[in-house]
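**Q** pasted the sequence and its predicted model underneath.
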Amino acid sequence: MWFQGMLDIFVEACNDIAENGANASPHSTRLIRLIPDMTSYLNNELWRTRPYVRIITVLDYLSGMSDSYAVSLYKKLKGISL
């Protein structure tokens, strides 16, 4: 459950950034900053035009997390814990 929730949260933020650029929501901008080296992707035409590439980027980030860190971050993002 938490993995799908994290995937949804980060893919939505990536899509917002890709589609709206500088006009993306502040929430999406903050979420994107959590993903290491994301700034190298933001100017990449393939990343901006292909949803598949954005999903792979997020999956790579999520798969590198430990389970305890991922659950903790998910709870924070969902407002379950501070």
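**A** Sure, I can see it.
**Q** so how far is the host helix or strand of residue 55 from its chain's centroid?
**A** Element membership of residue 55 [criterion: DSSP states H and E] is helix 51-63. Put simply, helix 51-63 sits 8 Å off its chain's centre (C-alpha atoms, centre = their mean, to the nearest Å).
**Q** in it, which residues are buried?
**A** Across helix 51-63, burial judged by 16 or more other C-beta atoms under 10 Å covers 53-54, 57-58, 61-62. (Each C-beta comes from the backbone N, C-alpha and C, glycine too.)
**Q** residues making contact with the longest helix seen in the chain?
**A** The longest helix of the chain (DSSP state H) is helix 2-20. Helix 2-20 has contacts (C-beta atoms under 8 Å, 6 or more residues apart in numbering) with 24-25, 27-29, 31-32, 35, 42, 47-49, 51, 54-55, 57-59, 61-62, 70-71, 73-74, 77-78.
**Q** can you check stretch 50-58 too?
**A** Applying C-beta under 8 Å, 6+ apart, the set of residues contacting stretch 50-58 from outside is 7, 10-11, 14-15, 18, 35, 38, 41, 46-47.
**Q** avg pLDDT for that stretch?
**A** The average of the pLDDT scores along stretch 50-58 is 91.
**Q** repeat that for stretch 6-13.
**A** On average, stretch 6-13 scores 93.
**Q** okay, buried residues for that stretch please.
**A** Quick answer for stretch 6-13 (16+ other C-beta under 10 Å): 6, 9-11, 13.
**Q** since that was my last question, I'll sign off now.
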